[in-house]
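Trainee: Fold the following, please.
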Amino acid sequence: MILLTPRDKGVDNSPVREVRLPSVLSPLRPSYNNHQISLTLQLQNDLLKSHCVDQGPVPGNIPILHECHFQQPQHCYYNTDGEIIIGGITSHNYNSDRCLVDPGSGSSPTLQECPLAKTNELHMHWDFKQDLAIINKATNRCLEIAQGANLYYELIIQQCSGQSWRIEHLVTSF
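Mentor: Take a look at the predicted model:
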């Protein structure tokens, strides 16, 4: 909640500790009030800093690496539940946020609608700390990059090899 209170004939300039949306917005997106968000406009691997995680073609559910352009398909969010949302947060009930999921087998990560992933108990929770690996909490496998058959780098899920990730434009708890 943002409070503007008179202080010595001025405005209280203390740091904002909490931001709450007006209650009229709650029916549109109840989870906005339930999660603190760490925001990134680019999620980059230490091996290929010119490329960012991208939601890939839509329709489709395979995230890709793409040259960083800072547009909505590359907006990534890591919330306090350990979910990585790729492609932006939706603001209404008609579209669901898409969470990064480790399918548990194979090497390709997928994007699944977050509510569906939660209902189906998919591996959607990740441990992430700045400049360290992104590790799936259920499988202990890491989101990493590797050169594919076409010589382009691609996102993969595999046993951790020490790759690290960085969130640029980090916003921590409100």
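Trainee: What pLDDT is listed against E18?
Mentor: On the pLDDT scale, E18 is placed at 44.
Trainee: er, H69 I mean
Mentor: Residue-level confidence at H69 comes out at 88, pLDDT.
Trainee: try P15
Mentor: Note for P15: predicted pLDDT of 45.
Trainee: In the protein, mark out all the helices, start to finish.
Mentor: Taking DSSP state H to define them, one finds helices in the chain at 114-119.
Trainee: Where does pLDDT dip in it?
Mentor: Counting by pLDDT under 70, the chain contains low-confidence ranges at 1-41, 91-95, 169-174.
Trainee: Skipping its backbone neighbours, what lies nearest G148 in space?
Mentor: E154 (4.5 Å; C-beta to C-beta, 6 or more residues apart in numbering). For the C-beta atoms, the positions are set from N, CA and C on the backbone; glycine is no exception.
Trainee: Okay, and the beta partners of the one you found?
Mentor: Beta-bridge partners for E154, by DSSP bridges, are A146.
Trainee: Surely it touches P63?
Mentor: No: using C-beta atoms under 8 Å, E154 is not in contact with P63, being 9.5 Å away.
Trainee: Which one's more surrounded, those two?
Mentor: Shown here are E154 and P63; by other C-beta atoms under 10 Å, P63 has more neighbours (27 against 18).
Trainee: Distance check, the residue nearest to G148 against V53.
Mentor: According to C-beta to C-beta, to the nearest Å, E154 and V53 sit 11 Å apart.
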